[in-house]
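J.: need a structure here:
(chains A and B)
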Amino acid sequence: MSKAQYAIEAEGLTKVFGDNKALDNLSIKVPKGSIYGVLGPNGAGKSTMINILATLLKPDAGQATIFGYDVLEQPQIVRQLIGVTGQFASVDETMSAVENLVIFGQLLGLTTKEAHKKATKLLEDFGLTEAAKRPLKKFSGGMRRRLDLAASLLASPPLIFLDEPTTGLDPRTRTQMWHTIRKLVADGSTVLLTTQYLDEADQLADRIAIIDRGTVVAEDTPDGLKNSIGNETLILTVKDADQTEAAEKIAERITKTDVKIINTRQIIVPIADSGLAIDLLIALRKAKIGVKEFKIERPTLDEVFLSITGKKPKTEAKENENDN
Amino acid sequence: MTTKTMAIPTNLKNHTSVKETLRQTLIMAKRGLIKIRRNPEQLADVLIQPIIFTLLFTFLFGGAIAGDIASYLPIIIPGILVQSVITGSIATGVQLRDDMDKGVFNRFRSLPIARIAPLAGALLADVLRYAIIVTLTMLMGFILGMNPTGGLFGVLAASLLVIVVGWCISWIFAFMGTIMRTSSSVTGVSMIVLMPLTFLSNAFVPVDTLPSILKAFAEINPVSHIISAVRELLAAGTIGTDFWWAIVGSLTIVAIFAPLALHAYKKKA
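T.: Residues are numbered from 1 along each chain as shown, chains lettered A, B, ... in the order given. Sure, this is the predicted structure:
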């Protein structure tokens, strides 16, 4: 059983809450020893997926195994292999950081002494030693999040679920959190991380699954995903509206990507290599197409979505989409 | 992919043994006690209620019901003991509801521990509340001149019986705590159930004075049996039929409501 190739294997997970299909036939495979990023907007089903994989919620259909153990058939084994850090700190407000960790440690089978030792060590690792005995009510959001993560690590679980670990944190605390997560994997754990931020998935993940409306719409390495949509986006405005289509054709020839017209005089060009931008400008001058304005933008989550799902939150782009 | 991966233990079990369950329950009870120590205000009701109720009922009804205070004490003290403990056990359900609304219960659910431990532990910690109620009420009784002719055994056995019964009954409110949405609705519904149960019993007045319908109810009311058992222990130091009825009734409550509460708790996301 423990010879399972993947840390997580989920097949056809479906979960419906009332009228809302939170998960729709979602399947993922997470290799051992990696950071796997699950990227998606609010309400895409990220937390529902984690709750099912962490045995907190039963799926309506589909199945999932953690290191080969079935989450429905062998939940108590699965619980021995995972640590869960949710979006909302799951620690006890009225107790101190040490008291919280010691209780969790003892529940996991450590003796009082071992639990104290492990708690002290973890608080030290997470820079919480000074605050260890203070009631949690006085903790900042970042401190609480770190304590929550520390609590998930008491049993040194081989698989750790992090549900939006940095949402709402300031940039400095976010960087600290990233550092901690990288260290976990260096120590041999597998991490499944959900996030709304492309740069977070980019910074941390070995592989990324993009989920939208409860299902995986793309899955690749960060580089693979970027190549598919272009590292950066060139937004180009031509002087003469009649030349927009010609510009599009040239851009497609040069970059060999899918160029979109977003309004009468603007095209959006994904470019994997900024050198191509120069080639494109030269080609446009040769074709006597006047360029009024052009700017290069870093890809945002929106653009990843635009390119992968063909849908964009902005209505303007959407309307033009339908014409294609 | 990194080179190092953690080894997965092969000897994992999918169930929790009875010994582990008990241990986890005790740890959860310890957690409950830490919470009480951190927030001693939540003991205010159990500290004040026994004193106020004992004084109030004894002086208010003593003369009218039993002729004088001294002869009312053996009737009213067991009544207040049982009533206060049962009312005090509502707090178990209320606190459980509050606790479950916080993220920490999600963590308990994700841990490889017995499902019943977080519930049983919380209920066990509340035994402290019942012990305080019993001690204070007994103390008030002694101060006012109660003379338990059943001796030390009678007092201890009666105290223990009330505490055990209180713990068993608290499973009803634990169940309500797991199914209801807000803690105030738990309090509300629990009070509606408890008011007739505690007042329509032999707690404060002799059953013979009641109209026939109420009398019939008061006589089959389990609360009456518990109170009678406590009275017998305090007055004579003997264990009679009422004692066994009280025990059987309490265990039945646990047998019904513990699985219900556990089921509802497991289902809650």
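J.: distance between the ends of stretch A:38-54?
T.: End-to-end distance of stretch A:38-54: 15 Å, with C-alpha to C-alpha, to the nearest Å as the criterion.
J.: can you check stretch A:119-136 too?
T.: Distance across stretch A:119-136, first residue to last, is 15 Å (C-alpha to C-alpha).
J.: Can you pull the residues of chain B lying near chain A?
T.: Residues of chain B found near chain A (C-beta under 8 Å from any C-beta of the partner chain) are B:1-10, B:12-16, B:20, B:24, B:27-28, B:30-31, B:34-35, B:38-39, B:102-113, B:117, B:269. Backbone N, C-alpha and C define where each C-beta goes, glycine included.
J.: so who does residue B:163 touch?
T.: If you count contacts by C-beta atoms under 8 Å, 6 or more residues apart in numbering or on different chains, residue B:163 has them with B:85, B:127, B:130-131, B:134.
J.: rewinding a little: just the buried subset of the residues of chain B next to chain A, written out for PyMOL, thanks.
T.: In PyMOL, this line selects whichever of the residues of chain B next to chain A come out buried by 16 or more other C-beta atoms under 10 Å in any protein chain shown:
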select buried, chain B and resi 2+5+6+8+12+16+20+24+27+28+30+31+34+35+102+104+105+106+107+108+109+110+111+112+113+117
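J.: could you dump the contacts of residue B:163 to TSV with secondary structure?
T.: Shown next, in TSV, are those (DSSP: H, G, I helix; E, B strand; the rest coil):
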residue	secondary structure
B:85	helix
B:127	helix
B:130	helix
B:131	helix
B:134	helix
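J.: Counting only helices, which of the residues of chain B next to chain A make the cut?
T.: B:20, B:24, B:27-28, B:30-31, B:34-35, B:38, B:104-110, B:117 (DSSP state H).
J.: Next up, the contacts around residue B:109.
T.: A:55-56, B:115.
J.: Kindly recompute the last result at 10 Å.
T.: Applying C-beta atoms under 10 Å, 6 or more residues apart in numbering or on different chains to residue B:109 gives the contacts A:51, A:54-57, A:75, A:79, A:84, A:90, B:100, B:115, B:118, B:265-266, B:268-269.
J.: who wins for most neighbours among the residues you listed?
T.: residue B:118 (28 neighbours; other C-beta atoms under 10 Å in any protein chain shown).
J.: quick one: it and residue A:67, what's the gap?
T.: 26 Å (C-beta to C-beta, to the nearest Å).
J.: got the domain boundaries for chain A?
T.: Domain assignment of chain A by automatic domain parsing yields the ranges A:6-220, A:228-323.
J.: Return the most buried member of those.
T.: Among these, domain A:6-220 has the highest mean neighbour count (mean count of other C-beta atoms under 10 Å in any protein chain shown), at a mean of 20.
J.: Let me know the distance separating residue B:154 from residue A:180.
T.: Going from residue B:154 to residue A:180 by C-beta to C-beta gives 61 Å.
J.: By mean pLDDT, which helix or strand of chain A comes out lowest?
T.: helix A:315-323 (a mean of 35; mean pLDDT, DSSP states H and E).
J.: same deal with chain B?
T.: helix B:104-110 (a mean of 86).
J.: do you know how far the residue in the stretch 51-200 of chain B that chain A sits nearest to is from residue A:59?
T.: Closest to chain A within the stretch 51-200 of chain B is residue B:103: 3.4 Å, counting by C-beta to the nearest C-beta. Distance of residue B:103 to residue A:59, computed by C-beta to C-beta: 22 Å.
J.: and the contacts of residue B:109, which of them are in helices?
T.: Using DSSP H, the contacts of residue B:109 in helices are A:51, A:75, A:79, B:100, B:118, B:265-266.
J.: Residue B:138 belongs to a helix, doesn't it?
T.: Yes: counting by three-state DSSP, residue B:138 is found in a helix.
J.: contacting residues around it?
T.: Here residue B:138 is in contact with B:50, B:54, B:77, B:81, B:146, B:148, B:155, B:158-159, B:162, B:234 (C-beta under 10 Å, 6+ apart).
J.: Kindly recompute the last result at 8 Å.
T.: B:77, B:81, B:155, B:159.
J.: In which helix or strand does the first one reside?
T.: In this structure, residue B:77 is located in helix B:69-101 according to DSSP states H and E.
J.: That helix: how far from the chain's middle?
T.: Centroid separation for helix B:69-101 versus its chain: 7 Å, with C-alpha atoms, centre = their mean, to the nearest Å.
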